[in-house]
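S.K.: Predicted model, plus sequence, below.
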Amino acid sequence: MAAITTHHLVKEYPGGVRAVDGLDLTIDDGEFFALLGPSGCGKTTLLRTIAGLESATDGRLHIGDRDVTDLQPGQRQVAMVFQDYALFPHMSVADNIAYPLKIQKVDKGERLAKAEDVGAGLSLDGLMARRPGQLSGGQQQRVALARAVASNPQVFLFDEPLSNLDARLRLEARTFLKRLQRDLGVTTVFVTHDQAEALALADRMAIMRDGRIQQVGSPREVFARPANTFVAGFVGSTPMNLHPAVVEGGRVSLAGTSLSLPPDTAGAVTDGQKVIWGARPEYLSWSPSTPAPDDDAVEGEVTVAENLGASVLVTVNAQDTLIQVVVDEENEPDIGARGWVRARPGRTLLFDAESEELLGASPGVPTVSAGTAGESA
Amino acid sequence: MTVRQSLGFIGRYLFIAFVLAFFALPLLWLASAPFDRAPSLAVSWPEFTLANFRTLVDNPYALESLWNSVLLAAGTTAIVLVLAALASYALSRVRIPGRDALLYTLLLLSSVVTGTAAMVPTFLLISELGLIDRQLGVILVLAGGLLPTAIFILKDFMDSTPRSYEESARVYGASSLQILRHVVVPIARPGLATISVWAVVQVWGNFLVPFILLRSADKRPAAVTMFTFYTEGGQPDLALISTFSLLFSIPVVAMYLFVNRRYGFRFHGGIKR
């Protein structure tokens, strides 16, 4: 069991592309940590650098109290599950699971017994004699996990472990993976481009862009208080409403309506400052009735309604500003209906229009009361 | 069907029949002549006898030369397999500037090594090395000539092996040679089988190299020995030649069938997809 620490870690490819650009990151012992980002953001490179498959150009990398920066992958005591699982096609499931032990020179009987044992724990019993080609995608994934578990590592590294499974199986595998990690308590880093996966699985997550970390925090923190507009737009299954607005007389002016400032930004903005107003569609509500005078509400007309299953994503046109609202299925408005979009108090955010950074209290520290923070996350 | 169409139809089949006969006749001869009491160059229904095989066994060099062929083929194939596997793996995985140019140049020059044009320098080189009239000399020259093509074909097999297999093994602590042994070679086995059969066939049928580099009659392989089967009158001894040819071809056909059944051929090596 071990924490992972990087100190100014740099990975530069020939040609000057910096895939990982001066990263300082601490992943705690036993943590399930997600690296989230769009493709090409350096998340996989970071994972491969931790594994030792890529050598760091600069900086140091520690696993536990060992400096592993210059160690070969095999000496780092890490186990990696690849996106394509990388099961050896010519070996049986048992031999695949036992392979790390074969390298560790455990004798044959013992390692096959251990493979049997680990395999049974991942409900692979009865499949041990098969070849990987004869297994379903979900089974292959479990074999890859079993192989990782059998190697008894200090750290698990998962490269998009769920992306090769079909949608239904993915949810099942997600729950399975989370339970497995919790049971084993091994520090786990996994890479994904799917924000829902990261939110669902991770204890903490880092959002990366262009080799740099944009924000580190728990899924709740990242969801509720994204550090900048990039994170705000990337995390969340429906994109956050981000609209240009102006601070006027201690209030925010958006689409011809004056809204009260989010409580934590009062001291952080000046009159006349250009800002970006942000609110998650899940934190907005729709009502056809006229609001009370002190309510923060924007008037508009329903233009599009997209069914999300139990709810509907409604796009409201408020003076050419398109605001999206998640509405309960019972209250689905008709197209063309007029009404008011209300923001849940304390759930709107302001970003600086230039730097696109979150305004107000330092990012990653939720100021909303803990009781309500998790509802939609 | 119009007359024109039927004529075209008939013409096409006549042409196919002709081509078929052209290639089938020598094979028919090979099947019939060894069992004929008086074999000639014509294909005829044999007056059945096994006497030709008796003559062949009595010939001092015939069976020995087949054994020599086996030695040469085995030695050359072993060298080609081991070196080509290592080289193609390295070339497939390590990025060197001009890698493809190197491969194509090697491929181009490889036909020269075992070709007629380079026989004089090859002879001098082997002579300097003191390997004239030694089977090792023949094995080295043949292996040198076959290696580039073998590397070229095998590199394609290696390229098509996903890297994640090796990386996975590496993360679990396998060394490069362990990866090659445990992962790469088993996966590239159809490619290796293809290369071995191809190398054996190349050596088995090679006449020029052993003919020039070997002096003593008891070291010659079958392909060269066959050249010595003449009667006292200077006529080709068809009884011997046909019988020997049959024996000569059986191992290769048998090996092909065995390897094909065991590993299955995947003849797509060397083709860029």
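M.R.: Okay, I see it.
S.K.: And the pLDDT at B:Ala87?
M.R.: Looking at B:Ala87, its pLDDT is 90.
S.K.: That one reaches B:Leu147, doesn't it?
M.R.: Yes: if you go by CB atoms under 8 Å, B:Ala87 and B:Leu147 touch, sitting 7.5 Å apart. (Glycine included, C-beta is placed from N, CA and C.)
S.K.: tell me which parts of chain A are close to chain B?
M.R.: Applying CB under 8 Å from any CB of the partner chain, one finds that chain A approaches chain B through A:51-53, A:72-75, A:78-80, A:82-84, A:86, A:88-91, A:99-100, A:102-104, A:147, A:151, A:157.
S.K.: Whichever of the residues you listed end up buried, select them in ChimeraX.
M.R.: Only the buried entries of the residues of chain A next to chain B go into this ChimeraX selection, using 16 or more other CB atoms under 10 Å in any protein chain shown:
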select /A:51,52,53,73,74,78,79,80,82,83,84,86,88,90,91,99,100,102,103,147,151,157
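S.K.: Distance of A:Thr187 relative to chain B?
M.R.: Between A:Thr187 and chain B the computed distance is 15 Å (CB to the nearest CB, to the nearest Å).
S.K.: quick one, what contacts that residue?
M.R.: Counting by CB atoms under 8 Å, 6 or more residues apart in numbering or on different chains, A:Thr187 touches A:1-4, A:27-31, A:33, A:154-156.
S.K.: What of B:Tyr263?
M.R.: By CB under 8 Å, 6+ apart, B:Tyr263 lies in contact with B:Arg189, B:Pro190, B:Ala193.
S.K.: How far does stretch B:216-226 stretch from one end to the other?
M.R.: With CA to CA, to the nearest Å applied, stretch B:216-226 spans 15 Å between its terminal residues.
S.K.: Now tell me what touches that stretch from outside.
M.R.: With CB under 8 Å, 6+ apart as the test, stretch B:216-226 has contacts from B:61-62, B:64-66, B:68-69, B:72, B:133-135, B:138, B:204-207, B:210-211, B:214, B:228, B:241, B:244-245, B:248.
S.K.: What is the burial count for A:Thr49?
M.R.: Neighbour count for A:Thr49, taken as other CB atoms under 10 Å in any protein chain shown: 24.
S.K.: hmm, I was thinking of B:Ala117
M.R.: Other residues near B:Ala117 come to 10 when the count uses other CB under 10 Å.
S.K.: List the strands paired with the helix or strand A:Gly59 falls within, with their directions.
M.R.: In the assignment (DSSP states H and E), A:Gly59 maps to strand A:58-63. Partners of strand A:58-63 in the sheet, by DSSP bridges, are strand A:4-13 (antiparallel), strand A:66-67 (antiparallel).
S.K.: Would you indicate which residues of that strand are buried?
M.R.: Applying 16+ other CB under 10 Å to strand A:58-63 flags A:Gly59, A:Leu61, A:His62, A:Ile63 as buried.
S.K.: Format those residues as JSON lines; extra columns: pLDDT.
M.R.: As requested, the buried residues of strand A:58-63 are exported to JSON lines (pLDDT from 0 to 100):
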{"residue": "A:Gly59", "pLDDT": "89"}
{"residue": "A:Leu61", "pLDDT": "91"}
{"residue": "A:His62", "pLDDT": "90"}
{"residue": "A:Ile63", "pLDDT": "90"}
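S.K.: Over to the residue of the stretch 101-250 of chain B found nearest chain A. Which of the three states is it?
M.R.: Nearest to chain A, among the residues of the stretch 101-250 of chain B, is B:Gly173, at 2.8 Å (CB to the nearest CB). At B:Gly173, secondary structure determined by DSSP: H, G, I helix; E, B strand; the rest coil is coil.
S.K.: How about A:Val252?
M.R.: Here A:Val252 is strand, with the state taken from three-state DSSP.
S.K.: who's in contact with the nearest residue to B:Asn59 once chain neighbours are set aside?
M.R.: Nearest non-adjacent residue to B:Asn59, counting by CB to CB, 6 or more residues apart in numbering or on different chains: B:Leu240, 6.6 Å away. B:Leu240 makes contacts with B:Asn52, B:Thr55, B:Leu56, B:Asn59, B:Ala62, B:Phe229, as judged by CB under 8 Å, 6+ apart.
S.K.: rewinding a little: which among the contacts of B:Tyr263 end up buried?
M.R.: The neighbour count (16+ other CB under 10 Å) marks B:Pro190, B:Ala193 as buried among those.
S.K.: near chain A, which residues of chain B?
M.R.: B:162, B:164-165, B:167-175, B:178, B:182-183, B:186-187, B:189.
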